[in-house]
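S.K.: Here's a sequence, model it:
(4 chains)
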2 protein chains.
Amino acid sequence: MAPLPSSSLSDVPASPSESGGPAFSPLYQQIKGLITRSLQAGEWKPGEAIPSEVDLAARFRVSQGTVRKAIDELAAENLLVRRQGKGTFVATHSEEKIQYRFLRLMPDDGEQGSVDRKFIDCRRVRAPADVARALELKSGDAALQIRRVLYFKGQPVVFDDIWLHGGLFKGLTAERLSDYQGPMYALFETEFGVRMIRAEEKLRAVAADPATAALLNLAEGYPLLSVERLSLTYGDKPVEIRRGLYNTASHFYRNEVS
Amino acid sequence: MAPLPSSSLSDVPASPSESGGPAFSPLYQQIKGLITRSLQAGEWKPGEAIPSEVDLAARFRVSQGTVRKAIDELAAENLLVRRQGKGTFVATHSEEKIQYRFLRLMPDDGEQGSVDRKFIDCRRVRAPADVARALELKSGDAALQIRRVLYFKGQPVVFDDIWLHGGLFKGLTAERLSDYQGPMYALFETEFGVRMIRAEEKLRAVAADPATAALLNLAEGYPLLSVERLSLTYGDKPVEIRRGLYNTASHFYRNEVS
DNA sequence: AAGTGGTCTAGACCACGAT
DNA sequence: TCGTGGTCTAGACCACTTG
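M.R.: Okay, here's the model as predicted:
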C-alpha cells in the first residue's frame, strides 16, 4: 500500500454497499466484523491460532494498529485469546481457565472439587411453545431436551433441564453425552460446531417440587436457587435454554458487579 | 519534550522507587495508577471533568496515546466516562444510566417502576465479629447498621440488612437517609466521599424467617433470594457488607455471563 | 472556530516463546 | 535468531460539542 500522508482512509468507504446512509462505522469495527465472520464460518477452529496481526493487516489492507484494536475488542469479548510471543487463538470451552465462566456455583469452603454428572434422559421432541419462542423456532420444530443431575463430592446439588435448538444438534444422544469427558459446552463446540459466546440469566428462589426434591435428596418445599439461562452463539443467535435448580445449602452462586 | 527517536521511554524507569525488582510495568499502567490516585484523593470530584488528554499527556510527560490507553482502561472499569467532544468525567452513582448497575432486580413484566424505600433503623454499634472481619475492622470498632425495605409499586419486595465501615460514615442518620432523594450510593459519594467501585456477591435460596416474612408480607418459610454483597472502593478497600432478601415471586435477578 | 475525544497510520523498540 | 504480541511515539485527520 502506498504510504500516502494519512489520507488513505478516505479511500476506504465506511460501508461499500450501504451508500448515502447516515451510518458511520470505524475501520476497526469493520475489521472486527470480518474476523467474526471468519470465526463464524469456521475458517479458524477453536483452539487454533489465527493469522498474525501483520498478516491480517496485509490481508485487509489496513495498518497493524487497526487490526490490533479489532482483536483487542474480540479478546475482551472472550472470542479470542492473546498469548504473547505465540499468537492469537480462537477461544475454546475446553480450557481449564475458562471452564468456570459458565459454572458459577462455588462451595462454601474453598476450592471446586470434582463434578460428576448423571444424565436422566435426552429426548428429541417437538418444542413446547415457550421453548420455541426462546429459541426462535417455529412451533412444531424439533428440540432436544436433556435432563441431568450434577454431584459435588458425591452429593446431588444441581438439577438441570436443558433445551437445545433441534436443527443444530442432530445425532446428540444420552450416550454421547455420558461418554464425553469435559464440559458440555466443549462437546457442543467440537462435535457440533456450536460455540456458546454469552448467556443471559434470570435468578429466583423457588420451592422444591416433589420430583426435584427426590432427585436432590431434599424435602419438598426446600428453597432452591432457580437459574434460567438463555445461551447465545455468534450473532446473538439463541441455541440453548436451560433451567437449573441449585441446592445452595453448602454452595453459592458467585457474581461480581462492576 | 525532545523528539528523540523513540528511545525516550528508557528514561522513565518502570518504578522509580522499586529498583532491581523483576517487576515490569508499562508506562500506561503507571499513568493509570497516577490518575487513580488523583481520583482517590478527590482532586476531581464525581461528575466533574478531568483534564483533557493533551493536558494530562503534558503533565505526565508522555504521549497522548499513552494517556489514552490508561483512560481507556479506567473507562472500561467504570471509574471514568468519556463523552466525545466534551471531555472525560469522573463516574457518579447519580447518573440515570448507571443506577441499575448495582440494583439487578427486574420485574417480570418489562420496565422498572418507581422504587420506594422505608428505613427501619440506622444504628451505630460495635461491629460483630463477622462484620468486622469482612470490613477489615478491629473487633470492637464502630460500625453502622442500616435496615430497610424496598417497595416496588407499593409492594414490599426487598429487605436489606446493611453494615457500613464506622469510621467513614460519621454522622449518617436515618433522617439523612430518608431525606435524600436518589440512590444510597449517590449519597455516600456526595456526602461522605466514599465511592463504591465494584462488589462481590454470593447468592443463595433461603427460607423466610418470621421477622423477614412479616416485613415482606409473606408466610414464614417462603423461598427468598439471599444476596450477600461486599462493596469495595478505591484500592479494593471494603466499606460495606449487606445482605438482601428478595421476594422473587414477580421479580428476578438479572445477570449476564460472558 | 476552537477544543475535546475518536480513528488511523507508520515506525521503533521491548518482552516472550520457540528454534 | 526470528516471529509473535505488547508498548510507545508523533502526527494527521474525523466527529462531536460549544461558543
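S.K.: Quick check: A:K138 touching A:A129?
M.R.: No - contact criterion C-beta atoms under 8 Å: A:K138 and A:A129 do not qualify, at 11.0 Å. The way it works is simple: take the backbone N, C-alpha and C, and place the C-beta from them, glycine included.
S.K.: shared neighbours of these two, which are they?
M.R.: Residues touching both A:K138 and A:A129 (C-beta atoms under 8 Å, 6 or more residues apart in numbering or on different chains): none.
S.K.: what number of residues lie near the residue in the stretch 101-250 of chain A that chain B sits nearest to?
M.R.: Relative to chain B, the nearest point of the stretch 101-250 of chain A is A:R198 (3.5 Å; C-beta to the nearest C-beta). Number of residues near A:R198 (other C-beta atoms under 10 Å in any protein chain shown) recorded here: 17.
S.K.: From A:D108, how far off is it?
M.R.: Between A:R198 and A:D108 the computed distance is 28 Å (C-beta to C-beta, to the nearest Å).
S.K.: likewise A:D161?
M.R.: On the measure of C-beta to C-beta, A:D161 and A:D108 end up 25 Å apart.
S.K.: higher neighbour count, those two?
M.R.: Using other C-beta under 10 Å, the more surrounded residue of A:D161 and A:D108 is A:D161, with 16 against 11.
S.K.: in the stretch 51-200 of chain A, which spans are helices?
M.R.: Secondary structure of the stretch 51-200 of chain A (DSSP state H, counting those that start in this stretch): helices at A:53-60, A:64-76, A:96-99, A:129-134, A:174-179, A:184-191.
S.K.: got those as TSV, with mean pLDDT and distance to B:D72 columns?
M.R.: Formatted as TSV, the helices of the stretch 51-200 of chain A follow (pLDDT from 0 to 100; distance: least, C-beta to C-beta, whole Å):
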stretch	mean pLDDT	distance to B:D72
helix A:53-60	97	19
helix A:64-76	98	9
helix A:96-99	72	24
helix A:129-134	95	36
helix A:174-179	94	43
helix A:184-191	94	30
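S.K.: just for the stretch 1-150 of chain A, where's the confidence low?
M.R.: Applying pLDDT under 70 to the stretch 1-150 of chain A flags the ranges A:1-23, A:96.
S.K.: sorry, back to before: residues touching the closest residue to the residue of the stretch 101-250 of chain A closest to chain B other than its chain neighbours, list them.
M.R.: Closest residue in space to A:R198, ignoring its immediate chain neighbours: B:S258 at 3.5 Å, by C-beta to C-beta, 6 or more residues apart in numbering or on different chains. Applying C-beta under 8 Å, 6+ apart, we find B:S258 in contact with A:77-78, A:197-199.
S.K.: got the contact list for A:Q112?
M.R.: Contacts of A:Q112 (C-beta under 8 Å, 6+ apart): A:100, A:106.
S.K.: how close does it get to A:H251?
M.R.: 10 Å.
S.K.: Please name the residues that touch the most centrally placed residue in chain A.
M.R.: The centre of chain A sits closest to A:M196, judged by C-alpha atoms, centre = their mean, with a distance of 2.0 Å. By C-beta under 8 Å, 6+ apart, the contact list for A:M196 reads A:93, A:102, A:185, A:188-189, A:231-233, A:239-240.
S.K.: circling back to that earlier point, of all the contacts of B:S258, which two lie farthest apart?
M.R.: A:E77 and A:A199 (13.2 Å; C-beta to C-beta).
S.K.: Run through the residues of the stretch 151-258 of chain A sitting next to chain B.
M.R.: A:197-207, A:221, A:223-226, A:228-229, A:246, A:248, A:252-258 (C-beta under 8 Å from any C-beta of the partner chain).
S.K.: one more time with 10 Å, if that's ok
M.R.: Residues of the stretch 151-258 of chain A lying close to chain B (C-beta under 10 Å from any C-beta of the partner chain) are A:196-208, A:221-229, A:231-232, A:245-258.
S.K.: residue ranges for the strands of the stretch 51-200 of chain A, please.
M.R.: A:80-83, A:87-90, A:105-107, A:115-126, A:142-152, A:155-165, A:198-207 (DSSP state E, counting those that start in this stretch).
S.K.: Show residues contacting the shortest one.
M.R.: Yep, that's strand A:105-107 we're talking about. With C-beta atoms under 10 Å, 6 or more residues apart in numbering or on different chains as the contact definition, strand A:105-107 has outside contacts at A:100, A:112-113, A:115, A:150, A:152-153, A:157-158, A:225, A:227, A:244, A:246-248, A:250-254, B:202-203.
S.K.: Quick check: the gap between the residue of the stretch 101-250 of chain A at minimum distance from DNA strand D and B:G182.
M.R.: Taking C-beta to the nearest atom of the strand, DNA strand D has its nearest neighbour within the stretch 101-250 of chain A at A:R101, 19.2 Å off. Distance, A:R101 to B:G182, using C-beta to C-beta: 34 Å.
S.K.: ok, A:A207 - contacts?
M.R.: Applying C-beta under 10 Å, 6+ apart, the residues near A:A207 are A:213, A:220-224, A:226, B:205, B:207, B:221-223.
S.K.: Going by neighbour count, which residues of stretch A:147-162 are buried?
M.R.: Within stretch A:147-162, the residues that qualify as buried are A:147-150, A:152, A:156-162, counting by 16 or more other C-beta atoms under 10 Å in any protein chain shown.
S.K.: Compare neighbour counts for A:R101 and B:G182 and give me the winner.
M.R.: For the pair A:R101 and B:G182, the greater number of neighbours falls to A:R101 (17 against 11), based on other C-beta under 10 Å.
S.K.: Touching, the more buried one and A:E256? I think so.
M.R.: No - using C-beta atoms under 10 Å, A:R101 is not in contact with A:E256; the gap is 11.8 Å.
S.K.: Is A:T66 in contact with A:F60, as I believe?
M.R.: Yes - between A:T66 and A:F60 there is a contact under C-beta under 10 Å: 7.9 Å.
S.K.: Overlap of the contact sets of these two?
M.R.: In contact with both A:T66 and A:F60: A:27, A:30-31, using C-beta under 10 Å, 6+ apart.
S.K.: Quick check: the closest residue in space to A:G113 that isn't next to it in sequence vs A:E220, distance?
M.R.: The shortest distance from A:G113 to any non-neighbouring residue, by C-beta to C-beta, 6+ apart, is to A:K153 (5.0 Å). Applying C-beta to C-beta, the value for A:K153 to A:E220 is 24 Å.
S.K.: Then A:G140?
M.R.: Applying C-beta to C-beta to A:G140 and A:E220 gives a distance of 35 Å.
S.K.: Just the buried ones from the contacts of strand A:105-107?
M.R.: A:150, A:152, A:157-158, A:225, A:227, A:244, A:246-248, A:251-253, B:202-203.
S.K.: Near DNA strand C, list only the ones from those.
M.R.: Among the buried ones among the contacts of strand A:105-107, not one lies near DNA strand C by C-beta under 7 Å from any atom of the strand.
S.K.: Could you identify the most distant pair in those residues?
M.R.: A:L150 and B:K202 (18.8 Å).
S.K.: Now do the same contact list for the closest residue to A:S139 other than its chain neighbours.
M.R.: Using C-beta to C-beta, 6+ apart and skipping the chain neighbours, the partner closest in space to A:S139 is A:A132 (5.1 Å). Applying C-beta under 10 Å, 6+ apart to A:A132 gives the contacts A:126, A:138-141, A:143, A:163, A:166.
S.K.: 8 Å instead?
M.R.: A:138-141, A:143.
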